[in-house]
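Participant: my questions are about this predicted structure, shown below with the sequence.
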Amino acid sequence: MAEVGFYQLCTSPLEHALPKLLQKALDAGHRIRVVGASEGRMEALSAALWTHDPASFLPHGCPRDGDAERQPIYLTAESADGAANENAADLVITIDGVEPVFLEGVVRYLDMFDGNDETALAAARQRWKRRKAEDHSVSYWQQSEGGGWEKLG
């Protein structure tokens, strides 16, 4: 079973927190697939990744860019072929409440959600219960005041 980490955003929006996690994952040698609710959302996230820090670069692409297999970070919508692992990712990050599709070769999943939104928080609790019932190894991380992550469970 895959390892699933729940990441509760508390102090900064996804567009600010995600690039830091992506950089750490790349530095650790991971290939990453980020899955959101819509193509529009993922296009907006792609634009945010281009501008998050003028001094750095996060290599990424979306389906419209083509060459998914060459993208270290691949941004895709939930409606895309969920059973495909286009960029041979070993780490998948879901956002917007998207349920993960457990793919061959993926060893870790991160479920990022807005902890300041009661609806998103309640939905994340339900996903947590499902992952535990499926016998995945589950951990819970909460964003600290400084924007780092504290493991709570």
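Facilitator: Looks like it came in fine. Numbering: from 1, shown residues only.

Participant: below-threshold pLDDT in the protein: ranges please.
Facilitator: Low-confidence segments of the chain, defined by pLDDT under 70, span residues 79-82.

Participant: mind listing the helices for the chain?
Facilitator: Assigned by DSSP state H, the chain shows helices spanning 14-27, 39-51, 118-133.

Participant: tell me who's in contact with the most centrally placed residue in the chain.
Facilitator: For the chain, the residue nearest the mean C-alpha position is I93 (2.1 Å; Cα atoms, centre = their mean). Counting by Cβ atoms under 8 Å, 6 or more residues apart in numbering, I93 makes contact with 18, 21-22, 32-35, 109-112. Using the backbone N, CA and C atoms, a C-beta is placed for each residue, glycine as well.

Participant: pull up the gap between R127 and A48, please.
Facilitator: For R127, the distance to A48 (Cβ to Cβ, to the nearest Å) stands at 24 Å.

Participant: farthest residue from the center of the protein?
Facilitator: Note on the chain: the largest separation between a C-alpha and the mean C-alpha position, by Cα atoms, centre = their mean, falls on A55 (22.6 Å).

Participant: R127 and A48: which is more packed in?
Facilitator: Each of R127 and A48 had its neighbours counted (other Cβ atoms under 10 Å), and the higher figure belongs to R127 (19 against 15).
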